[in-house]
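In: 3D model of this:
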Amino acid sequence: MAMKASLQLRVGTQLTMTPQLQQAIALLQLSTLDLRQEIQQALETNPMLELDDGFGEQTAEAVQDDDWASEIPSELSTDSDWSDTYPDHGASSGSGEGPDFERQAAGQSLASHLIWQLAMTDLSERQRQIAESLIDAVDGTGYLAQPLEEIRDGLRQQGLEGLPTREVEQVLLRLQQFEPTGVFARDLRECLMLQLAALPDDTPLLPQARRLVRQFLEALASDDRRLLKRRLGLDDEALEEVIGLIRSLDPRPGSEFAEVSGNYITPDLLAHHDERGWRVELNADALPRLRIQPDYVALVRRADKSQDNQFLKDHLQEARWLMKSLASRNDTLLRVGREIMARQLDFLEQGEEAMRPLILADIAQAVDMHESTISRVTTQKFIHTPRGVFELKFFFSSHVGGGEGEGDAYSSTAIRARIRKLVQDEPPRKPLSDSRLVDLLAEDGIRVARRTVAKYREALGIPSSSERKRFR
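Out: Numbers count the residues shown, from 1 in each chain. Alright, predicted model coming up:
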């Protein structure tokens, strides 16, 4: 067969993703912190970019030196404190503790609180090393999370050779006198006994309460009151007082301290209400403002083909692409945020129980974008509302449990909030079972299966009705 060259003309379309579009998509899915790093890298590599001077600068109020100087007394006693002369106006009152104590306790972790007490305790260097290991072994609820034998073995590997378990226990007994009372306990029984030991000796029915916790805690958990009355020699009224005394104790003494985390969130959007209604705006402080360096732009000459001029042209073009991509990101984020809030106004005004069902396709259709774009916009983007800071994905939830003729009109978030409220309001002696929760939800027009209620209850960390009755 003969072969010959020929020329053919074909017409077709091809979708090409330009570098600018790739950059815009990449910036769209970055969180605020990641985007700040990206911008900082661009500032370091591109001489055409510079920060707008308005970002990050705050006007400091002038200090009135004359007022301070005039109020300083000429003579002070040797034991006077700064607060004796200047009241602490910045702290909120409402507590019996002083304002300085409130400021120090705010956001303090349990570990730092224990270390602070350790610094004021008279211990030898060897005992202090043991105490620090014990503090490291305390979990967020205040319990010792590791057996003493493991802590002893770890200390031996750190140089305390031949350390006996009894020496570790002696240090532990010292630490169990720390605040909050009950901390460093190895189990619930020891935690309650430590708190009972701290009560005044004239507390009514204190010996009976100690004996109950020491010997019959399992019987109390199973609510075997007949056994408790017989063994403790109490009537119904006295036994109820003993149980009430034990219930007044804190089974998790360390939980009152905040979990200090190094993760901070800068909201991208701000939602607030004014005389014109609810408004959603970009957080102007979330990202630095950029601008093109005007002096370098003046050096760019169109007809110049030199290497230096081409360097300026390339970086000028990159700077403009970056600023355009940032503007597009902000515009998309604002449009999506406003559309989400427009559909969740009931949440802003009434709370989670009024959350409406919402899916990505609803927002994508409203703003004329693809669902994948909405997913990128709502991932790791946060909005500050009067009810707190939420990720935009929080406002999406599936359609569940509509009544007859109403369709699927309730979101899973709203149903979980109603379950939590029903459990909070239930009678302590007669907790609501999952079947009863199904009936109560049906009275509000929410028809869900019992297994759905059980799944939501477990997701909320709520025990079953039998366990709730036992704990109370």
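In: right, and residue 205 touches residue 245 too?
Out: Yes: with contact defined as CB atoms under 8 Å, residue 205 reaches residue 245; the gap is 6.4 Å. Where you see a C-beta, it was placed from the backbone N, CA and C, and this is true even at glycine.
In: looking at these two, which is more packed in?
Out: Using other CB atoms under 10 Å as the criterion, residue 205 and residue 245 rank with residue 245 on top: 20 against 17.
In: which non-adjacent residue is nearest that one?
Out: Using CB to CB, 6 or more residues apart in numbering and skipping the chain neighbours, the partner closest in space to residue 245 is residue 209 (4.9 Å).
In: and if you look at residue 179?
Out: In space, and not counting its chain neighbours, residue 179 is closest to residue 117: 6.8 Å by CB to CB, 6+ apart.
In: since we're on the one you found, how many residues are nearby?
Out: 15.
In: also the one 5 residues further on?
Out: Here the neighbour count serves as a burial measure; for residue 122 (other CB under 10 Å) it reads 7.
In: residues near residue 256, how many?
Out: Counted with other CB under 10 Å, residue 256 comes out at 12.
In: quick one: contacts for the residue nearest to it when sequence neighbours are not counted?
Out: Closest residue in space to residue 256, ignoring its immediate chain neighbours: residue 180 at 6.6 Å, by CB to CB, 6+ apart. Residues near residue 180 by CB atoms under 8 Å, 6 or more residues apart in numbering: 142, 250, 253, 254, 256.
In: please indicate which of the residues you listed are buried?
Out: The neighbour count (16 or more other CB atoms under 10 Å) marks 142, 250, 253, 254 as buried among the contacts of residue 180.
In: ok so, going back, in strands only, show me the contacts of residue 180.
Out: Using DSSP state E, no member of those sits in strands.
In: which parts of the stretch 101-250 of the chain are helices?
Out: In the stretch 101-250 of the chain, the helices defined using DSSP state H, counting those that start in this stretch lie at 110-119, 125-136, 148-157, 165-175, 188-197, 206-215, 217-221, 225-232, 236-247.
In: out of those, flag the one nearest residue 22.
Out: Evaluated over these, closeness to residue 22 peaks at helix 110-119, with 45.4 Å, by CB to CB.
In: check residue 272 and give its pLDDT.
Out: Listed pLDDT for residue 272 reads 88.
In: cool, residue 9 as well?
Out: Taking residue 9 on its own, its pLDDT is 87.
In: over to the one 3 residues further on?
Out: pLDDT, residue 12: 85.
In: name the SS class of it, please.
Out: coil (DSSP: H, G, I helix; E, B strand; the rest coil).
In: how near is it to residue 21?
Out: 20 Å (CB to CB, to the nearest Å).
In: who's more crowded, the two?
Out: residue 21 (12 against 4).
In: distance check, residue 113 against residue 138.
Out: From residue 113 to residue 138 the distance is 10 Å (CB to CB).
In: go on, residue 213?
Out: 21 Å.
In: for the spatially closest residue to residue 444 that is not a sequence neighbour, list the residues it contacts.
Out: In space, and not counting its chain neighbours, residue 444 is closest to residue 418: 7.2 Å by CB to CB, 6+ apart. Neighbouring residues of residue 418 by CB under 8 Å, 6+ apart: 353, 441, 444, 446.
In: for residue 399, phi and psi?
Out: For residue 399, the backbone dihedrals (degrees, to the nearest 10) come out as phi -90, psi 120.
In: follow-up on the earlier one: for the contacts of residue 180, which one is nearest residue 279?
Out: residue 256 (37.1 Å).
In: any idea how the chain splits into domains?
Out: 110-257, 269-396 (the TED database).
In: chain center to the last one, what's the gap?
Out: How far domain 269-396 lies from its chain's middle: 23 Å, per CA atoms, centre = their mean, to the nearest Å.
In: end to end, how far does that domain reach?
Out: One end of domain 269-396 sits 17 Å from the other (CA to CA, to the nearest Å).
In: what pLDDT does the residue nearest to residue 179 get?
Out: 86.
In: I'd like the distance between it and residue 250.
Out: When residue 117 is compared with residue 250 (using CB to CB), they lie 18 Å apart.
In: now swap in residue 391 and tell me
Out: 32 Å.
In: related to what we said a few turns ago, from the contacts of residue 418, which would you call buried?
Out: 353, 441, 446.
In: now, these that are in helices?
Out: Residues of those located in helices (DSSP state H): residue 441.
In: where does the stretch 351-472 of the chain dip in pLDDT?
Out: 401-409, 469-472 (pLDDT under 70).
In: which residues in it form strands?
Out: Under the criterion DSSP state E, counting those that start in this stretch, the stretch 351-472 of the chain contains strands at 382-385, 388-391, 399-400, 410-411.
In: which residues are in contact with the last one?
Out: Same thing as strand 410-411. By CB under 8 Å, 6+ apart, the list of residues contacting strand 410-411 reads 355, 356, 357, 358, 397, 398, 399, 400, 401, 402, 446.
In: swap the cut-off to 6 Å and go again
Out: The contact list for strand 410-411 (CB atoms under 6 Å, 6 or more residues apart in numbering) reads 355, 356, 357, 397, 400, 401, 446.
In: do the second one as well
Out: Taking contacts as CB under 6 Å, 6+ apart, the residues outside strand 388-391 that touch it are 265, 267, 382, 383.
In: tabulate those residues in JSON lines, adding columns for neighbour count and distance to residue 134.
Out: Below are the contacts of strand 388-391 laid out as JSON lines (neighbours: other CB atoms under 10 Å; distance: CB to CB, whole Å):
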{"residue": "265", "neighbour count": "14", "distance to residue 134": "33"}
{"residue": "267", "neighbour count": "19", "distance to residue 134": "40"}
{"residue": "382", "neighbour count": "21", "distance to residue 134": "38"}
{"residue": "383", "neighbour count": "23", "distance to residue 134": "43"}
